[in-house]
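**Q** Quick one, fold the following:
(chains A, B and C)
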Amino acid sequence: MPGTKAQMNYTKTLAAVVLSGLLLAAAPVLADDAKPAAAAAPAATTTATPAATGDSSPAALPAGSVLVTEEPDIPLQSWSFSGPFGKYDQNQLRRGFQVFKEVCSNCHSAHLFAFRNLDEDGGPEYSAAQVKALAATYQVSDPTAKGGKRAALPSDYWPSPFATEQDARDANGGALPPDFSVLAKARGAERPLLSWMRDIIFAYQEGGPDYIHALLNGFHDQVPANIVNADGTPFKLPAGKYYNDIFPGHAIGMPPPLSDGLVKYAKGEDGSTVPETVEQYSHDVAAFMMWLSEPSLNQRKESGFRVIMFLILFAVIMWLVKRRIWSNVEGH
Amino acid sequence: MATDINLDPTPHATRRDFLYVAAGAVGVVGVGAAVWPLINQLNPDASVLALAAVDFDLTPLTEGQSVTVKWRGQPVFVSYRTQKQIDEAKAVPLSELRDPETDAQRTKAGHEKYLIQIGICTHLGCIPNGPDQGDFDGWLCPCHGSQYDSAGRIRKGPAPKNLVIPPYKFTSDTKITIG
Amino acid sequence: MAEHTSSYAPSNALEKWVDDRLPIIRFSKEHLMDYPTPKNLNYWWTFGGILATMLVIQIVTGVVLAMHYTPEASLAFDSVELIKRDVSGGRILQAVHSTGASMFFLAVYIHIFRGLFFGSYKAPREILWMLGVLIMLLMMAAAFFGYVLPWGQMSFWAATVITNIFAAIPVIGDPLLSLLRGGFAVGNPTLNRFFSLHYLTPFIIAAVVVLHIWALHVPGNNNPVGVDVKSSRDTVPFHPYYTMKDLFGIVVFLIPFAWVVFFAPDILGHSSNYVMANPLVTPPEIVPEWYFLPFYAILRSIDFPILFIDSKLLGVIFFAGSILILFFVPWLDRSKVRSGTFRPLFKPFYWLFVLNFLMLMYLGSQSTTIWWVPVLGKVGVVYYFAYFLIILPLLPRFEVTRPLPASISESVLRPART
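**A** Here you go, the predicted model:
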């Protein structure tokens, strides 16, 4: 029976070829993982791609030095909303909103964030009355209103701290503070090829919050001594910039925005408290920013579970139907 | 057990049919669950629904003044009526009205000096001019000449119905929520 | 059309009335139900049905998205975000459409590789094959136009890089470039016309798919042993055997699709595309979507000139050639044996081609500053073209094929149970 055996062979061979291809591709990544990581990070890290380290380091760098262009390690955090069963922690979103409101929104706009989003399901879930009261404390421009401005309604969007882009740049040394609406999805860590497959299976989508958290904790008063330029000279910070471990090129236009005790958190609904540290603020605001970018996450994952269960059931039934129909065909 | 005589002629058919019926049922549920969002996306989205209700503060209005407020994409006439206009409206006998409604039916108890109505002529949809226009001290539609009185009721011209009163309530003596 | 005569007889007066005027019921029964299909088709043959399903899914979700999308440069990005946030079910509709494009290409590559292994392109199915290559080309165009529409950084710069390809054509290149773009650079005119073309192309694809299935139904399906159908013992009616098997295949295919849509909808995209298009800032890396990577790698690997042809134009020639060469496969492969199953010498070259394609895909995602990327890229290009231009034509001269079964039904029979 040359035919049937050969059919199975195609499938098996295809599987073997694709797997060996992936393993071959993973070889440089696995080899790189064996080297000690450049920045000490106890948790699992996303490694810099072998590309960046492999090519750019010239022979004459002193031992232990780090090239200014090398991609930093970004330690992965655990988030309540990660994975197929993840969802936002309502208390965390409220704290994150508080950080945004009191700190970040002084420079950063969020033009797709409407006040009414605050009482929608799957978010901080304030009450409609609270949202209406909060909105009324902000002014939005309205050409039909007297003086061109009026108190905001829940249907209005978060007003920008600056009237124009140029005003924003002028107030921030020429740099434009990016809008927060989808910023948590506009950032991410470089992931090597094989982890792309693993990321799909574990549904890793938190590269943005991981980056934001790392960035907010990555400020130092002084440039670390081991950061060097390509020619081996110590890296010097340009005027008006601040040193950050994580920001590409290490010179960021934003001064460290957070400090311990900066924001006074209210107790959670269950009476719980959290520490008022940069570490905590950065987690909370990163989670809030993820919610800003992906407000329907809770519902999406919940629907997803039901859809996958349904499809598995349907597949099993169709498999039985197929087998039943084919049972009377000789050779099957 | 006695010999397995197959007294029921179609046991296999029943089991087979059950599987096919189950598959069909699951398939129909799947198709329904897939089609529903495709239809539901046509419904007004969240940003439109957020404007489904509009708040309005009546304090800036002076007696005799009428303003137009946008609600659900339509003009709403909010009028602070003079006593003369109210008295005129109340004095009209119902038998004279094409679309009989008392003045009280068109206002809220205790707030009859405010008349709130959708500013769209019930004939073919133009926006009437007013108040104090036409023969009835109300609104006059420029398109085909419909005339409404000081309670917004049709008195003359082709319109069949009075100007529509939208759903609204007084949240305080001076604030209303329309919708 | 086909050689088989129709056995359809209208079962009631209404059916007869319709049949006399437009034989659509007869046509459906003949081609979708009674149609004799080889009984030994394996699961790689379910991908035709999967592809038809994907086309319907993309068109339906696309039409729905177009009800809410605004194709204007200052409004497009936000309109896509507002679909995800405000439209009922919008996040899922958008995710189905964007993930659907990737699933569509995954299925089409599997479908094409199936054809390459089992000789489905050989006589008398040459036109069927060429229509298929045409469909793939149209899919690439549709995907390219569609990717520009969200107007993120990657959308904008992909449009810039790909339209720049046309500037490589000598003499007419630059005027052609501004003709395509509608301006001196990619901008609002480009976006508007890409929206129109993106809406149009899937319907052209649908028409070519109809021709593709028509061209299939003339000779009938190929099968894993590549032996022609000899009698009705070799076939089963399409319904219910293959309608139900295809449906099973489709449902299974929907599972990883749903996994990505509901749990990782942004994983196949690039985070840079969440930054609004900025003509004055190039993102740190410009990478196409995964399904274009092998061809992108071929384009980038040609970084040297030959004679009077500069490297840019040469790269474009290889890039276009890598797709156009597929049209000629039925004539490049001279083997009299259809299925790779019976061609022991062909098999390792085929699997190397698969590996090579995957390698090119990986290379396309890596930066050319890493030394082995351009080197391996050139190796990949050489093997890619050698497979079609040298290996396939020469193989029949050297290979000893295995004996074919006498018929499909013989190949399918199991040994009798004792």
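
**Q** Around residue A:16, how many other residues sit close by?
**A** Neighbouring residues of residue A:16 were enumerated by other C-beta atoms under 10 Å in any protein chain shown; the total is 11. For the C-beta atoms, the positions are set from N, CA and C on the backbone; glycine is no exception.

**Q** cool, residue A:67 as well?
**A** The number of residues packed around residue A:67, counting by other C-beta under 10 Å, is 20.

**Q** So for residue A:255, what's the pLDDT?
**A** Residue A:255 is assigned a pLDDT of 95 by the prediction.

**Q** Report the secondary structure element holding it.
**A** Using DSSP states H and E, residue A:255 sits in no helix or strand.

**Q** Would you confirm that it contacts residue A:242?
**A** Yes - Residue A:255 is in contact with residue A:242 according to C-beta atoms under 8 Å; the separation is 5.3 Å.

**Q** mind checking how far the spatially closest residue to residue A:80 that is not a sequence neighbour is from chain C?
**A** Once flanking residues are discounted, residue A:80 sits nearest to residue A:89: 4.3 Å by C-beta to C-beta, 6 or more residues apart in numbering or on different chains. Distance of residue A:89 to chain C, given as C-beta to the nearest C-beta, to the nearest Å: 18 Å.

**Q** Spit out the contact partners of residue A:89.
**A** Listed by C-beta atoms under 8 Å, 6 or more residues apart in numbering or on different chains, the contact partners of residue A:89 are A:80-81, A:287.

**Q** Would you map out the domains in the chain?
**A** Looking at chain A here, since you left the chain open. Domains of chain A are assigned by automatic domain parsing as A:40-113+A:158-295, A:300-332.

**Q** ah, no, chain C please
**A** According to the domain assignment given by automatic domain parsing, chain C is divided into the following structural domains: C:35-223+C:236-264, C:287-401.

**Q** For the first one, what is the distance to the chain centroid?
**A** Spelled out, it's domain C:35-223+C:236-264. 7 Å (C-alpha atoms, centre = their mean, to the nearest Å).

**Q** Kindly provide the whole-number mean pLDDT of that domain.
**A** Looking at domain C:35-223+C:236-264 alone, the average pLDDT works out to 97.

**Q** out of the contacts of residue A:89, which are inside helices?
**A** Among the contacts of residue A:89, the residues falling in helices (DSSP state H) are residue A:287.

**Q** Turn the contacts of residue A:89 into CSV, columns for distance to residue C:251.
**A** As requested, the contacts of residue A:89 are exported to CSV (distance: C-beta to C-beta, whole Å):
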residue, distance to residue C:251
A:80, 32
A:81, 29
A:287, 36
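
**Q** Would you mind giving the contacts of residue A:89 as CSV with neighbour count and pLDDT added?
**A** Formatted as CSV, the entries for the contacts of residue A:89 read as follows, by neighbours: other C-beta atoms under 10 Å in any protein chain shown; pLDDT from 0 to 100:
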residue, neighbour count, pLDDT
A:80, 15, 97
A:81, 22, 97
A:287, 26, 98
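
**Q** re the thing from before, so which of residue A:255 and residue A:242 has more stuff around it?
**A** For residue A:255 versus residue A:242, the count of surrounding residues by other C-beta under 10 Å is larger for residue A:242: 17 against 12.

**Q** quick one: that one and residue A:257 touch, right?
**A** No - Residue A:242 sits out of contact with residue A:257 when judged by C-beta under 8 Å, with a separation of 10.2 Å.

**Q** Return the member of the contacts of residue A:89 nearest to chain B.
**A** Distance ranking of these against chain B, using C-beta to the nearest C-beta, places residue A:81 first at 20.9 Å.

**Q** contacting residues for that closest one?
**A** Here residue A:81 is in contact with A:87-89, A:206, A:287, A:290, A:297-298 (C-beta under 8 Å, 6+ apart).

**Q** Output those residues as CSV; include the columns distance to residue A:126 and secondary structure.
**A** Rendered in CSV, the data for the contacts of residue A:81 read as follows (distance: C-beta to C-beta, whole Å; DSSP: H, G, I helix; E, B strand; the rest coil):
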residue, distance to residue A:126, secondary structure
A:87, 17, coil
A:88, 14, coil
A:89, 15, coil
A:206, 24, coil
A:287, 16, helix
A:290, 18, helix
A:297, 18, helix
A:298, 16, helix
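
**Q** Would you check which pair of those residues lies furthest apart?
**A** Taking C-beta to C-beta as the measure, these reach their widest spread between A:206 and A:298, a distance of 14.8 Å.

**Q** Who has more neighbours out of those two?
**A** Higher neighbour count among residue A:206 and residue A:298: residue A:206, with 25 against 18, using other C-beta under 10 Å.

**Q** What separation is there between that one and chain C?
**A** With distances defined as C-beta to the nearest C-beta, the gap from residue A:206 to chain C amounts to 11 Å.

**Q** Over to that residue: give its phi and psi.
**A** phi -100, psi 20 (degrees, to the nearest 10).

**Q** so what's it up against?
**A** Taking C-beta under 8 Å, 6+ apart as the criterion, residue A:206 is in contact with A:76-77, A:79, A:81-82, A:290.

**Q** all strands of the stretch 101-250 of chain A, in order?
**A** Counting by DSSP state E, counting those that start in this stretch, one finds strands in the stretch 101-250 of chain A at the ranges A:139-141, A:149-151, A:227-228, A:242-243.

**Q** between the ones you listed, which gets the lowest average pLDDT?
**A** Mean pLDDT values for the strands of the stretch 101-250 of chain A show the minimum at strand A:227-228, a mean of 86.

**Q** And for stretch C:76-94, what's in contact with it?
**A** Residues outside stretch C:76-94 that contact it (C-beta under 8 Å, 6+ apart): A:111-112, A:117, A:181-182, A:295-296, A:300, A:303, B:37-38, B:40-41, B:43, B:45-48, C:61, C:64-65, C:68-70, C:149-152, C:191, C:261-262, C:265, C:276-277.

**Q** Give me the subset of those residues lying in helices.
**A** A:300, A:303, B:37-38, B:40, B:46-48, C:61, C:64-65, C:191, C:261-262.

**Q** average pLDDT for stretch B:99-119?
**A** Stretch B:99-119 comes out with an average pLDDT of 94.

**Q** what comes up buried for that stretch?
**A** B:101, B:103, B:106-107, B:112-119 (16 or more other C-beta atoms under 10 Å in any protein chain shown).

**Q** Filter the residues you listed down to the ones in strands?
**A** Here DSSP state E is the test, and those give B:114-118 as lying in strands.

**Q** Need these in JSON lines (columns: distance to residue C:300).
**A** Conversion of these to JSON lines gives the following (distance: C-beta to C-beta, whole Å):
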{"residue": "B:114", "distance to residue C:300": "72"}
{"residue": "B:115", "distance to residue C:300": "72"}
{"residue": "B:116", "distance to residue C:300": "67"}
{"residue": "B:117", "distance to residue C:300": "68"}
{"residue": "B:118", "distance to residue C:300": "63"}
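
**Q** With distance to residue B:53 as extra columns, can I get the contacts of residue A:81 in JSON lines?
**A** Shown next, in JSON lines, are these (distance: C-beta to C-beta, whole Å):
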{"residue": "A:87", "distance to residue B:53": "30"}
{"residue": "A:88", "distance to residue B:53": "27"}
{"residue": "A:89", "distance to residue B:53": "31"}
{"residue": "A:206", "distance to residue B:53": "37"}
{"residue": "A:287", "distance to residue B:53": "31"}
{"residue": "A:290", "distance to residue B:53": "30"}
{"residue": "A:297", "distance to residue B:53": "28"}
{"residue": "A:298", "distance to residue B:53": "26"}
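
**Q** Do a quick rundown of the helices in chain B.
**A** With DSSP H, the ranges of helices along chain B come out as B:11-40, B:46-49, B:83-91.
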